[in-house]
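# Here is a sequence together with a model predicted from it:
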Amino acid sequence: MTTYTHSVSLQTSTVSQTVTQNVTTADTVILNMSAYFSAVYLSKSGPVSYSLVSGNSSVATMTFTGTGSYAITFRAYYPPGGGWRSVTLSGTSSGSSDTTPNAFTFTDKTGNVSTEQNSAVQITGINAATAVSRTSGGATFAVSSLPNTPGGQGFGTSATTITNNQYLHVKQTTSATYSAVLNTVMNVGGVTDTWSVASNAAAADGTPNPYSFNDVTAALNTVSYSYAQITGISQTVTASRSAGGATFAISGSTTVPNSSGFSSSSKNVSNNQYLHVKQTSSGSNSTTLSSVFAVGGVFGTWNLTTVAASGGSANYGMQIFPPTGSIPRLDTSDRTLRVFATFTGSLGSASSSSTSSTHTLSGFNPSDATIGLDWETSANREFVTLTTSTNTLTLTRANDPSPNTAEYQLKVFRI
Amino acid sequence: MSYGITSINNSGFTQIDENSESFLVIQTGTKPVNQAYVTLSNTLPDDILVFGRPSGGGTSGTKTLDGYVSDFTTNGTRYLRIYMTFNVAYDYAVVKRCSQFVTPTSGYGLNVFTSSGVLAYTSEQPMMRAIAARAINLTASSGQFDSAWYQGTAGSIDTAFVMLGPYATYQYEQYAQMGENFFRYTYRKAKFDYTNHTMGTISSFSNGDLQRGSSVYVRTGAGQRTEILGYIV
């Protein structure tokens, strides 16, 4: 809905003037006419009606009742020219209202955590009231004729309407957590915009929480590993070896990284990554090798100790010799394979859906490095997976185009 | 402990006790060159473990190994085979649980029984003794390849075997590239570096063409496994 205003002087030598204005049925046209005498209505055609306030400055107000071409003429007497002077307003009434506004964009805001943020846009390009609603998000909103943020009571979440040149205000409190973004989508007459409110990042923290390695006791000349998780930092920091001979590597998991990743040189580490350490134990009994690492200024020490000498206070191991030869069949440093459990079974066809077989094994822990696993299947291996959790092992066959039943053998043992 | 014995090694690992059976070696042999597999007796139990190594082991150079146990029944007949790389000779050792042996009665050595009377250990049979073990978890994005996860000293791997299970097909992919379609198998292989006394796991591939427009996907034999390096005494 738009109001158009035109000013015309009838105190002129020009006998006839014209003003052209295309409109919709929602529009209004105001014609201000200055003259020696009051302007009067003369004639009209088309879907136009008028009201006239006469005087030396006559004002005619036109509204439109339908679609099509229109024309309306007013005139006033002009004594210096000795005759009538006229003005004709004409144009076309399109008859439909425009409720689709021009594109609008809220200014995204960033602020401290849990602080209120505001933004506003002026809605233009409509000639009738149009709907305002929130499509998604948590911001509240208000409609106002002023660009200043309305008082708190004016904000809500219920759909409303807005007219041309009014302001749509939005309000949102930033997240209570750092570096979080809250998005709200506002819809005005079918045109949408996403308003984003972000909370500031936490202040950089390059000092990790205290960390520690599990010390290891190993046989002589044994490659040994340990690790510590680095937490409590919000930026990358440097890990370095301050003392000792262990090499180290950085990874995102507790799995021992590839040997090529271990070295003594400094490395970058991020929050929640793991610092893995590695060293070959001493060739002498009861010997501790200590290595000290610094991560963001926080130190951690790893101790790798060899077992006490045979015949000492520790009573372990025995030697068993075969009937012939001097190599013992069982020696004091051996690790043997001992049965924990074995399972066999079959997995049905799995071309269209998966099939699985679950076994319960009390005492099984997938993170226990002294427990070993091996499994074979008559299916192609790429279609079978093993998932493990405490006390449970499940073999699953999926996406296998073979229609045949597959057999499996699952063996769990202690090392 | 009111019965039996417990033997603990010098790192604190239990070697023998009265609660659990040991795995002992029942059979060793060699898969000749240019032969895809060897057939084992189909009367062997179905929970055997099989170990392999390049034939004769080594003292220098690098060799690889992959293989698996195939145990299936067709038309009522059970077939138990050890598949290993066709054009290389490999030694193998079959290990089975102690209770499946007949209790030796030679009159010397040591027999250990569990509390339920099952043979848990006998010195009559050779043992598979673990030098090193590595727990791995295979995923679609990680085949846990590490070319030297065990680093030993001179002679430490010269006669060593590895358990076959983890060294076989790991992944099958169908993928598209520049408008054409291809497939790729990824295998895990044991790598014996006799010169540097290290043992690790490396990858190898086989590729081929597919019909244009073929589906694109990845299939992975995922899950937990254990890699074991050991030797027989």
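Nice, I can see it.

# per-residue pLDDT, B:Arg214?
If you look again at residue B:214, you'll see it is Ser, not Arg. Listed pLDDT for B:Ser214 reads 92.

# so who does it touch?
B:174, B:176, B:181 (C-beta atoms under 8 Å, 6 or more residues apart in numbering or on different chains). Every C-beta, even on glycine, is put in place using the N, C-alpha and C of the backbone.

# and the helix or strand that contains the second one, what other elements does it pack with?
Counting by DSSP states H and E, the element that carries B:Ala176 is strand B:169-177. Secondary structure elements in contact with strand B:169-177, counted by 3 or more C-beta pairs under 8 Å, 6 or more residues apart in numbering or on different chains; DSSP states H and E, are strand B:180-193, strand B:217-220.

# Taking the centroid of chain A, which residue is nearest it?
Nearest to the mean C-alpha position of chain A, counting by C-alpha atoms, centre = their mean, stands A:Val181 at 7.3 Å.

# what's the closest non-adjacent residue to it?
A:Ala198 (4.6 Å; C-beta to C-beta, 6 or more residues apart in numbering or on different chains).

# ok, what's across the strand from the single nearest residue of chain B relative to chain A?
Nearest residue of chain B to chain A: B:Gly223, at 3.1 Å (C-beta to the nearest C-beta). Taking DSSP bridges as the rule, B:Gly223 bridges to A:Leu386, B:Leu138.

# residues in contact with the residue in the stretch 201-350 of chain A that chain B sits nearest to?
The nearest approach of the stretch 201-350 of chain A to chain B comes at A:Thr342, 3.5 Å away (C-beta to the nearest C-beta). Neighbouring residues of A:Thr342 by C-beta under 8 Å, 6+ apart: A:409-412, B:47, B:97.

# try B:Ala135
Taking C-beta under 8 Å, 6+ apart, we find B:Ala135 in contact with A:369, A:372-373, B:224-226.

# would you say it is within a strand?
Yes: assessed by DSSP: H, G, I helix; E, B strand; the rest coil, B:Ala135 belongs to a strand.

# circling back: taking the contacts of B:Ala135, tell me the two that lie furthest apart.
Taking every pair in the contacts of B:Ala135 and measuring C-beta to C-beta, the maximum separation is 13.0 Å, between A:Ala369 and B:Arg225.

# more crowded one of the two?
Shown here are A:Ala369 and B:Arg225; by other C-beta atoms under 10 Å in any protein chain shown, B:Arg225 has more neighbours (23 against 13).

# Which element, helix or strand, includes the more buried one?
Per DSSP H and E: B:Arg225 is located in strand B:223-232.

# what's the offset of that strand from the middle of its chain?
For strand B:223-232, the separation from the chain centroid amounts to 6 Å (computed by C-alpha atoms, centre = their mean, to the nearest Å).

# any idea of the angle it forms with strand B:180-193?
30 degrees (axes from the mean of the first three to the mean of the last three C-alpha atoms, to 10 degrees).

# Output the contacts of B:Ser214 in a markdown table, with distance to A:Ser43 and pLDDT appended to each entry.
Converted to a markdown table, the contacts of B:Ser214 look like this (distance: C-beta to C-beta, whole Å; pLDDT from 0 to 100):
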| residue | distance to A:Ser43 | pLDDT |
| --- | --- | --- |
| B:Gln174 | 81 | 95 |
| B:Ala176 | 75 | 93 |
| B:Asn181 | 79 | 93 |
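
# Include distance to A:Thr18 when you put those into CSV, please.
Converted to CSV, these look like this (distance: C-beta to C-beta, whole Å):
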residue, distance to A:Thr18
B:Gln174, 75
B:Ala176, 68
B:Asn181, 72
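
# Buried only: go through the residues you listed for me.
B:Asn181 (16 or more other C-beta atoms under 10 Å in any protein chain shown).

# picking up where we left off before, quick check: mean pLDDT of the strand holding B:Arg225?
On average, strand B:223-232 scores 89.

# and it, what does it pack onto?
When contacts are defined as 3+ C-beta pairs under 8 Å, 6+ apart, strand B:223-232 sits against strand A:371-377, strand A:384-389, strand B:49-54, strand B:128-138, strand B:161-163.

# So for A:Val132, which of the ones you listed sits nearest?
strand A:384-389 (51.0 Å).

# just checking, next helix/strand downstream of the closest one?
strand A:392-397.

# Residues contacting that following strand, please?
Contacts of strand A:392-397 (C-beta under 8 Å, 6+ apart): A:343, A:347-348, A:350, A:354-361, A:364, A:373, A:375, A:377, A:379, A:383-388, A:406, A:408, A:410, A:412.

# switch to 7 Å and redo it
Strand A:392-397 is touched from outside by A:347, A:350, A:354-361, A:364, A:375, A:379, A:383-387, A:406, A:408, A:410, with contacts defined as C-beta atoms under 7 Å, 6 or more residues apart in numbering or on different chains.

# Neighbours of A:His169, how many?
Neighbour count of A:His169, defined by other C-beta under 10 Å: 22.

# residues in contact with it?
A:118, A:120, A:141-142, A:144, A:149-150.

# From B:Pro54, how far out is the closest residue to chain B within chain A?
For chain A and chain B, the shortest gap (C-beta to the nearest C-beta) falls at A:Leu386, measuring 3.1 Å. Counting by C-beta to C-beta, to the nearest Å, the separation of A:Leu386 from B:Pro54 is 28 Å.

# do A:Asp205 as well
From A:Asp205 to B:Pro54 the distance is 52 Å (C-beta to C-beta).

# neighbour-wise, which of the two wins?
The residue with more neighbours, out of A:Asp205 and B:Pro54, is B:Pro54; 21 against 14, by other C-beta under 10 Å.

# my guess is that one contacts B:Thr85, does it?
No: the criterion here is C-beta atoms under 7 Å, and B:Pro54 misses it with B:Thr85 at 9.8 Å.

# Need the overlap of contacts for these two.
Joint contacts of B:Pro54 and B:Thr85 (C-beta under 7 Å, 6+ apart) are B:Leu65.

# got a list of what B:Asn70 touches?
Not Asn; residue B:70 is Ser. A:378, B:81, B:83.

# ok, back up a step: what's the local residue count around the residue of chain B closest to chain A?
21.

# B:Gln224 now?
Residues near B:Gln224, counting by other C-beta under 10 Å, number 19.

# Now do the contacts for the residue of chain A most remote from its centre.
Residue farthest from the centre of chain A, counting by C-alpha atoms, centre = their mean, is A:Gly82 at 77.4 Å. By C-beta under 7 Å, 6+ apart, A:Gly82 lies in contact with nothing.

# ok but the residue nearest to A:Val181 is inside a strand, no?
Yes: A:Ala198 sits within a strand when classified using three-state DSSP.

# what bridges to it?
Beta-bridge partners, per DSSP bridges, of A:Ala198: A:Thr110, A:Val181.

# show me where pLDDT drops low in chain A?
A:1, A:95, A:152, A:308-318, A:322-329, A:333-334 (pLDDT under 70).

# can you list the domains in it?
For chain A, the structural domains run A:3-93, A:109-199, A:216-306, A:338-414, going by automatic domain parsing.

# Can you get me the start-to-end distance on the shortest one?
What it means is domain A:338-414. Terminal residues of domain A:338-414 lie 5 Å apart, using C-alpha to C-alpha, to the nearest Å.

# Tell me the gap between that domain and the middle of its chain.
37 Å.

# Give me every residue in the stretch 151-300 of chain A lying close to chain B.
A:218-219, A:221, A:223, A:255, A:258-259 (C-beta under 7 Å from any C-beta of the partner chain).

# ranking these by neighbours, who comes first?
A:Ala218 (20 neighbours).

# which residues pair with that one across the strands?
For A:Ala218, the beta-bridge partners under DSSP bridges are A:Thr306.

# about what we covered before: would you mind listing which of the contacts of strand A:392-397 are buried?
A:347, A:350, A:355, A:357, A:359, A:361, A:364, A:375, A:379, A:383-387, A:406, A:408, A:410.

# so what's B:Phe192 bridging to?
Bridge pairing for B:Phe192 - DSSP bridges - gives B:Lys63, B:Met199.

# quick one, what contacts A:Thr105?
For A:Thr105, the contacting residues are A:121, A:193, by C-beta under 7 Å, 6+ apart.
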